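[1] Sequence and computational prediction follow.
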Amino acid sequence: MLKIYHNPRCSKSREGLKFLEDKGLPFEVVKYMDEGITKGELESIIERLGYNNPINLVRTNESIWKENYKDKKLTDDQIIEAMVENPKLIQRPIVINGLKAVVGRPTEKIEEVL
């Protein structure tokens, strides 16, 4: 089953959710901003996305990142921990289908995992 990591406050995330609804496919919504996200979940997502470095999943323009992490030399584990502690830093929406995942920006990228 498809899974979308969704932030209802984000317009791009809402567009991704609507895209899946319009396809009529069954999917699970994970509201990670409310429910939180674990280090293990993030590691799995990063692997499925095919990212070599977790920084690729970070919204580096967020004020939280700029104020607390930007100029620090962080390990991959520290970057993941920053996203666990501050889920707002995670790129969105993320759509997962089995072992494949994609950040749905632009929305059409979601087609890659369908």
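    Alright, I've got the coordinates.

[2] how about the strands in the chain?
    Here the chain has its strands, by DSSP state E, at 2-5, 27-30, 94-97, 100-103.

[3] Just the residues contacting the third one, thanks.
    Taking contacts as CB atoms under 8 Å, 6 or more residues apart in numbering, the residues outside strand 94-97 that touch it are 2-5, 16, 20, 45, 48-49, 101-104, 110, 113-114. To be clear about C-beta, it is placed using only N, CA and C from the backbone, and glycine gets the same treatment.

[4] How about the second one?
    Under the criterion CB under 8 Å, 6+ apart, residues 1-6, 17, 20 lie in contact with strand 27-30.

[5] ok so, going back, mind putting the strands of the chain into JSON lines with mean pLDDT?
    Formatted as JSON lines, the strands of the chain follow (pLDDT from 0 to 100):
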{"stretch": "strand 2-5", "mean pLDDT": "97"}
{"stretch": "strand 27-30", "mean pLDDT": "97"}
{"stretch": "strand 94-97", "mean pLDDT": "98"}
{"stretch": "strand 100-103", "mean pLDDT": "98"}
